[in-house]
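>>> Sequence first, then the predicted structure:
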Amino acid sequence: MAKKFVAEKQITIRASADAVWRALTDPTLVKRYLHGTNMETNWRVGSPITWKGEWKGKPYEDKGTVLAVEPKKLLRTTHWSPMGGSEDKPENYHTVTYELAERGGETILTLKQDNNASQAEADTMAEKNWGPVLEGLKAVAEQKS
């Protein structure tokens, strides 16, 4: 897959970068907006990260590695899901980057996911998958601030 096809989605959240950061990194909060998933990691660079749960009646365990952690600014992980139908090989992992920018009591959250097979796939991923997830994250972060 070509790394150049990137899904990108941005959302403005009426909450501090601290509240948005907690919504991204606290497993109890993640579970509230990410389809009930159980996320596990220690957030150290190089450490594994897993997302386990059930989607449409089927159990899943997605996995990746923590690549970058800059509290309240940047979070980057790799991600692979067996539900995508690809083999568990490095070239099949996406890199998912969350960038936070606090401005005037709001936080602009930009998400980028690379390694999509085409720009059409990237655009669909941004709108249909990440759009609802970020709306849920926004609701959780705004409740907590």
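Here it is on my side, so go on.

>>> Give the buried residues for stretch 58-66.
Residues of stretch 58-66 classed as buried by neighbour count (16 or more other CB atoms under 10 Å): 62-66. Every C-beta, even on glycine, is put in place using the N, C-alpha and C of the backbone.

>>> actually stretch 21-36, not the one I typed
21-25, 29-35.

>>> What pLDDT does the model give the residue most central in space within the chain?
Centroid check for the chain by CA atoms, centre = their mean gives Val96 as the closest residue, at 6.0 Å. We have a pLDDT of 97 for Val96.

>>> right, and it touches Arg76 too?
Yes: the pair Val96 and Arg76 passes the contact test of CB atoms under 8 Å, sitting 7.0 Å apart.

>>> Please enumerate the strands of the chain.
Under the criterion DSSP state E, the chain contains strands at 7-13, 38-40, 48-55, 58-70, 74-79, 94-103, 106-113.

>>> of those, which approaches Asp123 most closely?
Asp123 sits nearest to strand 7-13 of all the strands of the chain, at 7.0 Å, using CB to CB.

>>> List of residues touching the closest one?
19-20, 106-114, 116, 121-123, 125-127, 129-131, 134-135, 137-138, 141-142 (CB atoms under 8 Å, 6 or more residues apart in numbering).

>>> low-scoring pLDDT stretches of the chain, where are they?
Scanning the chain for pLDDT under 70 picks out 1-3, 144-145.

>>> Please look at Pro59 and Thr37 and confirm they touch.
No: counting by CB under 8 Å, Pro59 sits too far from Thr37 to count as a contact (11.2 Å).

>>> intersection of neighbour lists for the two?
52-53.

>>> before we move on, back to that, of the strands of the chain, which approaches Gly85 most closely?
strand 58-70 (12.3 Å).

>>> Nothing else from me, thank you.
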